[in-house]
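Student: Need a 3D model of the following:
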Amino acid sequence: MPELPEVETVRRQLTEKVVGKTVKAVEVFHAKAVAQDDTIEDRLVGKTIAGIDRVGKLMIFSFKSQSDLFLLAHLKMTGQFFYVDGEVVSGGGHSMTAADVAEFPGRHTRVAYYFTDHSALYFNDMRLFGYTKLATAQEVATARAGFGPEPIDTDFDCGWFAAQLKKKKAVIKAVLLDQSFVAGLGNIYVDEALWRAKVRPTRRANKVTKAEATALSAAAGDVMRESIAVGGTTFQHFVDTGGDNGNFTDYLNVFGKQGTPCPRCGETIKKIRVAGRGTHYCPGCQK
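Tutor: From the prediction side, this is the model:
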């Protein structure tokens, strides 16, 4: 599943392509992808995209002169966006295959947004877990309220973070994966942040010291900002809207590195399961 840096990459690149575009028509190929909303075309035709915001992995499209109309988009596991302008096709999300770009709409296209300049934005989703659905301002506010602050924010409060950890008895990895506590950290980036802060993923959150919590919050923000800068982390599943794989994989220190020496202390990196997720850590320097 794409994580925050991957979704942020798609958001930034889609912003360059679709902001300012006016919707001419909407074609729904599977009602589940628009939350069974049969009014979506009537409500969007004639509306101009003003911007694309994001909270966690949820993208929020806004429209000019529309204070109570938004489009929420979530890629989930297999979602893809394809922007088509004439013969030029660009896409981002779950990995693209030749079949995905052979024709539009394709067999996995769930919704098509056609613009007045004859370009189009297609939402593809093989497994139908993702969506693009309309929302009111109140619904957007409710969605935002379900997410905690993001460590990549410049005003992220390290003191608050340290104090909140003292109240939590769960293992630190599970706490960091909780999007209602801090938003945006997925499995890859939690492992990498814990390694940078020298905190073992099985530690109880309330046993993490203030100094460790400060290091951890900084590491979490740094690792995601660095990943965004290079387009995200790609294994077999993510491609950005230019069709390029993210290359933060080249900078990973522990994730997927089990059985290899820790780049910091030389101890062999281990893989275990924590909070139901494959977890990578160094037993030598993560105490």
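Student: so where do the helices sit in the stretch 101-250 of the chain?
Tutor: Taking DSSP state H, counting those that start in this stretch, the helices of the stretch 101-250 of the chain run over residues 137-145, 158-165, 172-177, 187-197, 210-229.
Student: among the ones you listed, which is the most enclosed?
Tutor: helix 187-197 (a mean of 25; mean count of other CB atoms under 10 Å). C-beta here means a position set from N, CA and C on the backbone, and glycine is covered the same way.
Student: The chain - how does it break down into domains?
Tutor: If you go by automatic domain parsing, the domain ranges for the chain are 4-145, 158-281.
Student: can I get the helices of the stretch 101-250 of the chain in JSON lines with mean pLDDT and distance to residue 50?
Tutor: Output for these, formatted as JSON lines (pLDDT from 0 to 100; distance: least, CB to CB, whole Å):
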{"stretch": "helix 137-145", "mean pLDDT": "97", "distance to residue 50": "13"}
{"stretch": "helix 158-165", "mean pLDDT": "97", "distance to residue 50": "32"}
{"stretch": "helix 172-177", "mean pLDDT": "97", "distance to residue 50": "33"}
{"stretch": "helix 187-197", "mean pLDDT": "95", "distance to residue 50": "30"}
{"stretch": "helix 210-229", "mean pLDDT": "93", "distance to residue 50": "23"}
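Student: quick revisit: need the domains of the chain in a markdown table with distance to residue 287, can you?
Tutor: Output for the domains of the chain, formatted as a markdown table (distance: least, CB to CB, whole Å):
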| stretch | distance to residue 287 |
| --- | --- |
| domain 4-145 | 27 |
| domain 158-281 | 6 |
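Student: Lowest mean pLDDT across these, which one is that?
Tutor: Mean pLDDT is lowest for domain 158-281 among the domains of the chain, at a mean of 89.
Student: next one: it to chain centre, how far?
Tutor: In terms of CA atoms, centre = their mean, to the nearest Å, the centre of domain 158-281 is set 15 Å apart from its chain centre.
Student: pretty sure residue 45 is touching residue 63, no?
Tutor: No. In this structure, residue 45 is not within contact of residue 63 by CB atoms under 8 Å, at 11.3 Å.
Student: the strands in this structure, which residues?
Tutor: 23-28, 49-55, 58-63, 66-74, 79-85, 88-94, 109-115, 120-125, 131-135, 238-239, 270-274, 277-281 (DSSP state E).
Student: Among those, which comes closest to residue 205?
Tutor: Proximity to residue 205 (CB to CB) singles out strand 270-274 among the strands of the chain, at 12.3 Å.
Student: Between residue 45 and residue 63, which has more neighbouring residues?
Tutor: residue 63 (20 against 14; other CB atoms under 10 Å).
Student: Excluding chain neighbours, what is closest to the more buried one?
Tutor: Distances taken as CB to CB, 6 or more residues apart in numbering put residue 47 closest to residue 63, at 4.3 Å, once the chain neighbours are dropped.
Student: do you know how far the residue nearest to residue 188 when sequence neighbours are not counted is from residue 21?
Tutor: Once flanking residues are discounted, residue 188 sits nearest to residue 255: 4.9 Å by CB to CB, 6+ apart. Between residue 255 and residue 21 the computed distance is 37 Å (CB to CB, to the nearest Å).
Student: Equivalent analysis for residue 57, please.
Tutor: For residue 57, the distance to residue 21 - CB to CB - is 23 Å.
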